[in-house]
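A.B. asks: everything below, folded, please.
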Amino acid sequence: MSAAADALAEYRPALRPRVLLSDALLDGAATVHLIKDTDSGSSFRVGPKEHFLIARMDGERSLREIGEEYAREYGRRLDGARWQQILRMLGTRGLLAGADARTPAGPAAPAGSAAPGGSAAPGGSAAPGGSAASAGSAAPAGSAAPAARPAGPAEPARGVLRGSVRLVADADATTARLHRAVGFLLAPGWLVPLLVLVVAMEVVVALHVGELLVDARELFTNPVLLTGAATLLWFSTALHELAHGVVARHHGGTVAEIGLRWRLPVVIMYCTVGNYLYLGSRWQRIHTALAGAVMNLLFLLPFCALWMSAPLDPATHDALGALLLLGSAQAIAMLVPFPPLDGYRIVSQLCGATGLAASTGTYLRLVARRDPAAADYPRRARTAYLGYGLGSVLVLVLILAAVVAAAHHLLTV
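C.D. replies: Just a heads-up that it's a prediction; the model follows:
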């Protein structure tokens, strides 16, 4: 073996500290992992074999040791040319320690989506004997690493005329302060009793839904009370977004942006968790996605107490009842499993998939046409896509049934 080959085999590559790797995710018929450079906000997809190699680049193991592990796992060894392709790809993207970081291509992606890809600034040397001057394509999946694909589209620029604006300069620091103030509520001793109260409140709402529907109808005839209820519901949506950020921070996440977005006359607050798909576990990601709806319901607890026990005049009592119904409907609507709602992110995590809706549509069209390509999908993917498709139909039927029942009740009382 030549001196250059020996040097390459003993090279101990390390990813830069702020490079994140996701769990395995379904993407159509394939299984992929996302890799994100948090400094530039760019991310891309690689296959399981490539992830196997990249995840072991910790600065402790040499390429020889990583190659031996790869050979035991996949039954083949990588030659020097394949290693050079992998290292060149990582080096030109600025992912290896010692290589220049990529030039940011734009803001980070919204919560629940992969960060946008962007153009790369040429990195430094990737490994002994390996130039990183160009973003050379990687090897086929059966050999080493395929050409990396961007994980999502670039996000549009912010600005008053573009329909969104940032509210704070350092969203992560703001969320950190909020977490220090209220993070104790996420401890089981606090959280479990609060969740029990929320469930009890929703039982009360369900038992009085007919009465509350009438209250909601009457609310829309009183402009003053309607304005007050709408303001409270908007404030609830703001807390919803901040709850995502606080829970993500609790699980080690970072918040990239807090701001306002509008499509007049609707103005909403948003909170972008920059590394949502890279949080430590699937359940941490589910907790983060669920936090917003739970916050909406927690916000209603004091109003429920007033509605049930305070000596109020009839108009105020009925307005609080309408607020309970509308606020509960708002929270439940966020859990509907359609993009871009929180329920969709939760179901995507349960299925272990990225682009679940699009992949489901593609697979079901193949099945409907009896295309042989449908058989190429692994069993896990077939189960996830068929389950999501049938579940979506069921949810639509339930929503339609609820709307019809509510309309029938209002027309007959």
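A.B. asks: flag every buried residue along the helix or strand Leu396 falls within.
C.D. replies: Here Leu396 sits within helix 379-412, counting by DSSP states H and E. Judged by neighbour count using 16 or more other Cβ atoms under 10 Å, the buried positions of helix 379-412 are Ala381, Arg382, Ala384, Tyr385, Tyr388, Gly389, Ser392, Val395, Ala406. The C-beta positions use only the backbone N, C-alpha and C, and glycine is treated the same way.
A.B. asks: what of stretch 301-320?
C.D. replies: Result for stretch 301-320 [16+ other Cβ under 10 Å]: buried residues Phe303, Cys304, Leu306, Trp307, His317, Asp318, Ala319, Leu320.
A.B. asks: which residue is the nearest non-sequential neighbour of the second one?
C.D. replies: Nearest residue to Cys304 in three dimensions, chain neighbours excluded: Met201, at 4.8 Å (Cβ to Cβ, 6 or more residues apart in numbering).
A.B. asks: isn't the one you found up against Phe299?
C.D. replies: No - the pair Met201 / Phe299 is not scored as a contact, 10.9 Å apart, by Cβ atoms under 8 Å.
A.B. asks: the residue nearest to Cys304: neighbour count?
C.D. replies: 22 (other Cβ atoms under 10 Å).
A.B. asks: how close does Ala358 sit to Tyr388?
C.D. replies: The gap separating Ala358 from Tyr388 is 11 Å, by Cβ to Cβ, to the nearest Å.
A.B. asks: which residues are in contact with each of the two?
C.D. replies: Counting by Cβ atoms under 8 Å, 6 or more residues apart in numbering, Ala358 and Tyr388 have no contacts in common.
A.B. asks: for Gly91, pull up the helix or strand it's in.
C.D. replies: Using DSSP H and E, Gly91 sits in helix 80-92.
A.B. asks: so how far is that helix off the chain centroid?
C.D. replies: Relative to the centre of its chain, helix 80-92 is centred 30 Å away, using Cα atoms, centre = their mean, to the nearest Å.
A.B. asks: what comes up buried for stretch 276-287?
C.D. replies: Tyr276, Leu277, Tyr278, Leu279, Gln284, Arg285, Ile286, His287.
A.B. asks: need the next SSE after the lowest-mean-pLDDT helix or strand in the chain, C-terminal direction.
C.D. replies: When the helices and strands of the chain are scored by mean pLDDT, DSSP states H and E, strand 149-150 comes last with a mean of 60. Once the chain leaves strand 149-150, the next helix or strand it forms, by DSSP H and E, is strand 164-166.
A.B. asks: could you give me the average pLDDT of the helix or strand that that next one is followed by?
C.D. replies: Next helix or strand after strand 164-166 toward the C-terminus (DSSP H and E): helix 171-182. In this model, helix 171-182 carries a mean pLDDT of 96.
A.B. asks: what of stretch 259-271?
C.D. replies: For stretch 259-271, mean pLDDT rounds to 89.
A.B. asks: so for that stretch, first residue to last residue, what's the gap.
C.D. replies: One end of stretch 259-271 to the other measures 7 Å (Cα to Cα, to the nearest Å).
A.B. asks: nice, that's everything, thank you.
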